[in-house]
Structures are given as C-alpha cells and as structure tokens.
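Trainee: what's the 3D shape of this:
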Amino acid sequence: MEESQPNLQDKVIAFLTKNTNLVLIVILLLAIFLRFKYLNINSAIWWDEGEYLSAAKEWAFGIDYYILPVRQPLISFIISIFYRLGIESLAIIKFFTVFLPSVASVFFTYLLGKEIYSKKVGLISSFMMAVFWVPLFWSTRISTDLMGLFLSLLAFWAFWKGYIKQEKPKIYLAIAGIALALGFSTRVGNILTILILGAFLLVVARLDLIKKNPLRFLIYFSIAAIIPYLIYNQVRFGNIFAFWGLYFGTVSYVTKESIPFFWGFFKFFKIYLHNIFYIFFIIGLLSFYKLILGFDLLIKNKDKKLLADFLTLLTILIPTIYFTFIQRQTSTEPRWALVMAPAVFFVTAKGFMLVYRQIIKYLPEFNYKKLISIAAIVILIIIAAVPQIQHADGLIKNKKDTYVQLKFAGEFIKENSNKGDIVFSSAVPQNSYYSERKTISVHGAEDKFNRDIAELKPKFLEITVLEGYPDWAWSWPARNQDLVVPVQAFFADEAQTQPILVLYQFIDYPSQETDTVTEMDSNIEEGQ
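Mentor: Here you go, the predicted model:
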C-alpha cells in the first residue's frame with residue numbers, strides 16, 4: 001500500500017506535465033468567459049471610443065468629423081471596414097477589435113513565458129492575464145490598448161523565436177517587424193515595445209547589430225509595414241510625423257520639464273497585482289540577483305536564462321522610466337503601461353516557483369508531498385485571482401451606464417436634424433458618433449462663441465456637466481432666452497432638480513453687425 005502512494009502522486013504529476021495544453025485550454029476558456037460576459041454591458045461610449053468610432057464613420061460614411069493626428073488610425077480603419085460592410089453593431093465591432101486581441105494576449109502571454117522560461121511560468125502568467133482586471137475592464141470598450149498589447153506580445157514572442165532561439169529567423173523576425181509597425185500604427189504608446197527590443201539588442205548584439213543578417217528582416221519589414229501609416233499622415237495632415245508634436249515636441253518637452261517626477265507610478269505594481277500576487281512579485285524579484293552577478297555572461301550572449309531575465313527586466317524598467325521621469329503625468333492610467341504587465345506576471349510566476357522549490361527542498365518528506373505542494377500553490381493562485389475578478393466586476397458595473405445621457409441626446413439630434421446641421425457641444429466625439437452631425441466644441445471666450453453661432457447658425461447647443469465648458473457657458477442659455485429654447489433635459493435625480501444635460505435648439509442668432517450679446521449686457525451693467 002505504501003508503494004502505491006508515491007506511484008499515484010507520480011502519475012498525477014506526470015499527467016499534469018504531459019497535458020499542459022489541457023490546462024492552457026481551461027485558462028483560455030476562463031478568459032473567454034470573463035470577457036464575453038461583459039462584452040455588451042455598457043450603455044454608452046466614452047470620449048476615446050467616440051474618437052475611434054467617429055473617425056471610422058468619417059472614412060466610411062463621410063460624416064463631418066476632424067480626426068486628430070495624435071490618434072493612430074489602425075483601429076478606426078478596421079472599424080470602417082465593418083461599417084462599409086453594413087455592420088454597425090458595437091458588440092460585433094468590439095468582438096473583433098477588443099475581445100479577440102484580449103483573449104489572444106492571454107494565449108501569447110503563455111507562449112512568451114513558455115519560450116523564455118518554462119511551461120509552468122507560461123501557465124501561471126497566462127492565468128494572471130486571464131483574470132487581470134485592467135484588460136477585463138477595457139475589453140468592454142473600444143480602445144487601442146488591448147490590440148497594442150497583443151501586437152507587443154506577438155513582437156516579443158516572434159523576436160525571441162527568431163533571434164535568440166534561431167528558429168526560422170527570417171520568418172519570425174519578419175513577423176516581429178510587422179507586429180512592431182502595426183503596434184505603433186495602433187497606438188503611440190507601442191513605441192515602448194520598440195525601445196525595449198532596441199535596448200535589448202544594443203546590449204546583447206552591440207556592434208554586431210548590423211552584421212546579423214536575420215535582424216535586417218526585422219528592420220525591413222518594420223519599415224515596409226509602417227509606410228502606409230506615414231503616407232496616411234502625409235496625405236491627411238501634410239506631415240509624415242504629424243503625431244510627433246503632442247507626444248515628443250518642444251512644447252511638450254518644456255511643459256514636462258516644469259512638473260515633478262511621477263513617483264506615483266510605482267504604485268501601479270500594487271494596483272496591477274493586489275496583495276497576494278504582489279507579495280510573490282517581490283519574491284520573484286529576488287531571483288534576478290543572478291542577472292547582476294552574471295552580467296558578463298549576458299553580454300557574451302552565453303546564458304539564455306539571463307537573456308530572459310534581462311528582457312523581462314527591460315520590459316518593466318523602460319515603461320517605469322518613461323512614465324516616471326519623462327511623461328510625468330499624474331493622470332497616467334494603468335492601461336497605458338500594459339506592455340509591462342506580462343513581464344510583471346513572469347516575475348510573479350517565478351516567485352511562485354521559487355516558493356514551491358523551497359517547500360520541496362526543506363519540507364520534511366511525507367506522502368504526496370509534491371502533489372500537496374502543487375495543490376497549495378494552485379489554490380493560492382486561485383485565491384489571489386478572486387480580488388482581480390471582483391475589482392473588474394465592480395468597476396465594469398459601476399461605469400456601465402456612464403455618459404448614457406450623451407447617447408440619448410445624440411440620437412435625438414440625429415432624428416430631429418438634417419445632415420448639414422451643426423451642433424455646439426464639448427462632447428465632440430460622442431455626439432459626432434451618435435448624431436452623425438458636425439459638432440463644434442464650446443471653448444474660448446464668449447464673444448468668439450457668439451460670433452461663431454452668428455456665422456455658422458447651428459441647430460442645437462448641448463450643455464452638460466459630463467464634459468468641460470467655459471464658466472460663461474453654464475449661464476449663457478438663461479441669459480439668451482431669445483436665442484435658444486430647451487428641447488431635451490436629463491437629470492441625475494428623480495425629482496429632476498439636478499440636470500446632467502440640457503439640449504437647446506436655436507430659434508435666433510446674434511447680429512453679426514454688432515459685437516456680442518455679452519458686450520451689450522456688460523455695457524448696460526457699466527451704465528448702471
């Protein structure tokens with residue numbers, strides 16, 4: 001009987017070892033379930049969603065919408081294809097542009113973890129990605145972040161296969177190059193992926209960088225894949241680097257130089273992981289001492305484990321340096337640094353594996369020791385996943401009905417206006433999407449606003465606390481009741497005492513021959 005016990009343990013462990021694909025399938029099914037559950041839960045779109053969707057409608061239907069050069073075009077281009085095919089369902093669009101990239105990110109987290117470390121690290125990391133609250137939340141909304149994450153993972157994986165493992169290097173490095181270019185065409189933040197691989201190559205390849213023939217395929221295919229985006233910039237904005245000014249230009253640099261470093265970025269590790277995962281992340285960092293002690297072997301490119309640690313460390317360090325010391329925005333969102341999430345999960349998985357090895361090494365022998373140790377680690381990982389899922393669930397449900405008033409107002413405008421009509425509203429992207437009417441932001445001085453409406457003769461004015469307006473705008477309708485009348489209103493309370501959005505229709509316009517209504521009022525006040 002005693003002999004059968006270790007045999008049973010060995011059989012279970014052998015089964016799990018030989019059937020890692022089965023475990024992966026379970027993880028992927030969990031990822032699919034969690035994402036599909038919330039796919040169509042939101043009642044209305046947000047600002048960024050409105051930008052991508054309105055740009056797509058501009059390309060597909062020709063609505064009057066100004067596309068900003070800082071918005072990368074790939075997601076909007078894909079959505080415009082759906083529109084041209086007659087598919088306008090947000091659920092279907094999100095399925096292809098957000099849901100599939102999100103699930104693919106779980107799969108490629110496993111592939112990358114398996115390639116650079118082990119199947120165990122890959123499985124633990126992919127499970128963490130499956131339950132990670134950030135992609136769970138953003139899988140419910142049109143965004144570039146999850147497509148960008150997927151393309152970054154694809155680039156890392158193909159690069160490792162082609163350059164480090166030398167498996168079909170021309171093919172894999174070509175894939176890496178295309179993924180890098182498409183990633184940058186999806187979101188500017190994917191330049192971090194390029195910087196990570198660039199820094200890795202500078203240390204590992206150094207002077208041999210140009211001599212390494214397969215690497216040329218990465219460069220050539222990157223350039224070839226980015227050319228359509230550069231042509232788009234030139235044709236639409238007259239500058240192939242139209243995006244540069246906001247993110248990297250002189251004004252941006254001077255502005256950032258005047259603000260302090262964003263030390264709050266270091267809280268992101270705790271925000272990403274929550275308590276249990278965070279503890280094992282700290283434990284996993286201890287294993288990187290070998291990278292410091294063996295840096296000479298790393299430079300000589302002789303130890304693949306050190307190369308894996310170096311790539312993982314760079315994937316964490318470069319975003320940290322960028323957001324802390326270069327961008328410095330206190331409004332930085334966790335999704336902006338998603339590129340480092342897989343690396344954070346690899347470190348956490350290494351922490352779990354380190355604890356497991358210590359248990360096996362120092363715990364006294366007893367029946368089913370390994371099996372019980374594995375079960376304990378698995379249970380701990382599952383327990384750690386619960387706060388992630390709960391946090392995502394609460395956040396999604398709390399935000400699902402936000403900005404719905406803009407949807408109602410936009411649909412009302414569409415039904416009660418003609419295509420050539422103009423709307424003034426600070427919710428430009430959302431109203432452009434829902435109403436498909438030219439929407440102009442309410443900003444600047446009041447006299448300019450009065451001149452604009454006198455010249456353009458808009459149909460509607462939308463005033464809402466959901467977006468920013470100049471101080472004078474809140475009282476403008478009450479001071480100009482001879483020009484506008486309210487036609488729709490939405491309130492925060494049942495008693496209808498707290499308006500969230502009021503939609504006004506113009507019945508007249510200021511005279512262009514005089515100055516402004518504001519100036520006339522102020523002259524009267526001065527006379528008093």
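Trainee: Spatially central residue in the chain, please.
Mentor: By C-alpha atoms, centre = their mean, the chain has its centre lying nearest to Asp145, at 2.3 Å.
Trainee: Tell me the spacing between it and Arg335.
Mentor: 5 Å (C-beta to C-beta, to the nearest Å). For the C-beta atoms, the positions are set from N, CA and C on the backbone; glycine is no exception.
Trainee: shared neighbours, those two?
Mentor: Jointly contacting Asp145 and Arg335 under the rule C-beta atoms under 8 Å, 6 or more residues apart in numbering are Trp138.
Trainee: And the contacts of the one helix or strand Tyr110 maps to?
Mentor: Per DSSP states H and E, Tyr110 falls inside helix 100-116. Residues from elsewhere that reach helix 100-116 (C-beta under 8 Å, 6+ apart): 24, 27-28, 31-32, 35, 121-126, 128-130, 135, 138-139, 146-147, 149-150, 153-154, 156-157, 160-161, 164-165, 304, 307-308, 311-312, 342, 345-346, 349.
Trainee: same thing with stretch 35-43?
Mentor: Applying C-beta under 8 Å, 6+ apart, the contact partners of stretch 35-43 are 90-91, 94-95, 99, 102-103, 135-136, 139-141, 396-397, 399-401, 404, 407.
Trainee: what comes up buried for the biggest helix by length in the chain?
Mentor: Counting by DSSP state H, the longest helix found in the chain is helix 369-399. By neighbour count on 16 or more other C-beta atoms under 10 Å, the buried set for helix 369-399 is 370-371, 373-374, 377, 380-381, 384-385, 387-389, 391-393, 396, 399.
Trainee: same for it, what does it pack against?
Mentor: helix 4-18, helix 119-131, helix 133-138, helix 268-285, helix 341-362 (3 or more C-beta pairs under 8 Å, 6 or more residues apart in numbering; DSSP states H and E).
Trainee: Alpha carbons of the last one, as PDB, please.
Mentor: These are the backbone C-alpha positions of helix 341-362, laid out as PDB (Å, rounded to 0.1, in the frame of the first residue of the first chain):
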ATOM      1  CA  ALA A 341       2.100  43.500 -17.400                       C
ATOM      2  CA  PRO A 342       3.300  40.200 -19.000                       C
ATOM      3  CA  ALA A 343       6.800  40.800 -17.600                       C
ATOM      4  CA  VAL A 344       5.300  41.600 -14.100                       C
ATOM      5  CA  PHE A 345       3.400  38.300 -14.300                       C
ATOM      6  CA  PHE A 346       6.600  36.400 -15.300                       C
ATOM      7  CA  VAL A 347       8.300  37.800 -12.200                       C
ATOM      8  CA  THR A 348       5.300  36.800 -10.100                       C
ATOM      9  CA  ALA A 349       5.200  33.300 -11.600                       C
ATOM     10  CA  LYS A 350       8.900  33.000 -10.800                       C
ATOM     11  CA  GLY A 351       8.100  34.000  -7.200                       C
ATOM     12  CA  PHE A 352       5.500  31.100  -7.000                       C
ATOM     13  CA  MET A 353       8.100  28.700  -8.500                       C
ATOM     14  CA  LEU A 354      10.800  29.800  -6.100                       C
ATOM     15  CA  VAL A 355       8.500  29.300  -3.100                       C
ATOM     16  CA  TYR A 356       7.500  25.800  -4.500                       C
ATOM     17  CA  ARG A 357      11.100  24.800  -4.800                       C
ATOM     18  CA  GLN A 358      11.900  25.900  -1.300                       C
ATOM     19  CA  ILE A 359       8.900  23.900   0.000                       C
ATOM     20  CA  ILE A 360      10.100  20.800  -1.800                       C
ATOM     21  CA  LYS A 361      13.700  21.300  -0.600                       C
ATOM     22  CA  TYR A 362      13.200  22.000   3.100                       C
END
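Trainee: if we can go back for a sec, please check the contacts of stretch 35-43 and keep the buried ones.
Mentor: Judged by 16+ other C-beta under 10 Å, buried ones among these: 90, 94-95, 99, 102-103, 135-136, 139-141, 396, 399, 404, 407.
Trainee: Show me where the stretch 151-300 of the chain has its helices.
Mentor: With DSSP state H, counting those that start in this stretch as the criterion, the stretch 151-300 of the chain has helices at 169-186, 191-204, 213-237, 244-248, 250-257, 268-285, 289-293, 295-299.
Trainee: Among the buried ones among the contacts of stretch 35-43, which one sits closest to Phe449?
Mentor: Each of those was checked against Phe449 using C-beta to C-beta; the closest is Lys407, at 25.0 Å.
Trainee: returning to that earlier point: I'd like the mean pLDDT over the longest helix of the chain, please.
Mentor: Confidence for helix 369-399, expressed as mean pLDDT, is 94.
Trainee: And whichever helix or strand comes after that helix, how far out from the chain middle?
Mentor: Next along the chain after helix 369-399, taking DSSP H and E as the criterion, comes helix 404-415. A distance of 27 Å separates the centroid of the chain from that of helix 404-415, by C-alpha atoms, centre = their mean, to the nearest Å.
Trainee: could you dump helix 404-415 to CSV, C-alpha only?
Mentor: The C-alpha trace of helix 404-415 is given here as CSV (Å, rounded to 0.1, in the frame of the first residue of the first chain):
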residue,chain,number,x,y,z
VAL,A,404,-25.7,57.5,-21.4
GLN,A,405,-27.3,61.0,-21.5
LEU,A,406,-25.0,61.9,-24.4
LYS,A,407,-26.3,58.9,-26.3
PHE,A,408,-29.9,59.9,-25.8
ALA,A,409,-29.2,63.5,-26.8
GLY,A,410,-27.2,62.4,-29.8
GLU,A,411,-29.9,60.1,-31.0
PHE,A,412,-32.5,62.9,-30.5
ILE,A,413,-30.3,65.3,-32.6
LYS,A,414,-30.0,62.7,-35.4
GLU,A,415,-33.7,62.2,-35.6
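Trainee: what's the average pLDDT for it?
Mentor: Averaged over helix 404-415, pLDDT sits at 98.
Trainee: Same check on stretch 263-280?
Mentor: Mean per-residue pLDDT for stretch 263-280: 94.
Trainee: Pull out the buried residues from that stretch.
Mentor: In stretch 263-280, counting by 16+ other C-beta under 10 Å, buried: 265, 268-269, 272-274, 276-280.
Trainee: got it, and stretch 220-232?
Mentor: Neighbour-count burial for stretch 220-232, with 16+ other C-beta under 10 Å as criterion, is recorded at 221-222, 225-226, 229, 232.
Trainee: Next, the contact list for the nearest residue to Ile383 once chain neighbours are set aside, please.
Mentor: Nearest non-adjacent residue to Ile383, counting by C-beta to C-beta, 6 or more residues apart in numbering: Ile276, 6.5 Å away. The contact partners of Ile276, by C-beta under 8 Å, 6+ apart, come to 380, 383-384, 387.
Trainee: Just send those back as CSV, with distance to Ser417 too.
Mentor: Formatted as CSV, the contacts of Ile276 follow (distance: C-beta to C-beta, whole Å):
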residue, distance to Ser417
Leu380, 58
Ile383, 55
Ala384, 52
Pro387, 47
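Trainee: Closest one to Asn213 out of those residues, please.
Mentor: Taking C-beta to C-beta as the measure, Asn213 sits nearest to Ala384 out of the contacts of Ile276, at 44.8 Å.
Trainee: correct me, but the closest one touches Phe345?
Mentor: No: counting by C-beta atoms under 8 Å, Ala384 does not reach Phe345; the two are 11.5 Å apart.
Trainee: For Gln488, grab phi and psi.
Mentor: phi -150, psi 150 (degrees, to the nearest 10).
Trainee: Just to check, it is in contact with Pro499?
Mentor: No: assessed by C-beta under 8 Å, Gln488 is found out of contact with Pro499, at 10.6 Å.
Trainee: Out of the buried residues of stretch 220-232, which two sit at the greatest distance?
Mentor: Spanning the widest gap among those are Phe221 and Tyr232, at 18.5 Å by C-beta to C-beta.
Trainee: What confidence value was assigned to the residue nearest to Ile282 when sequence neighbours are not counted?
Mentor: Once flanking residues are discounted, Ile282 sits nearest to Gly351: 7.2 Å by C-beta to C-beta, 6+ apart. If you check Gly351, the pLDDT there is 97.
Trainee: And Gly351, how far from Ala308?
Mentor: 15 Å.
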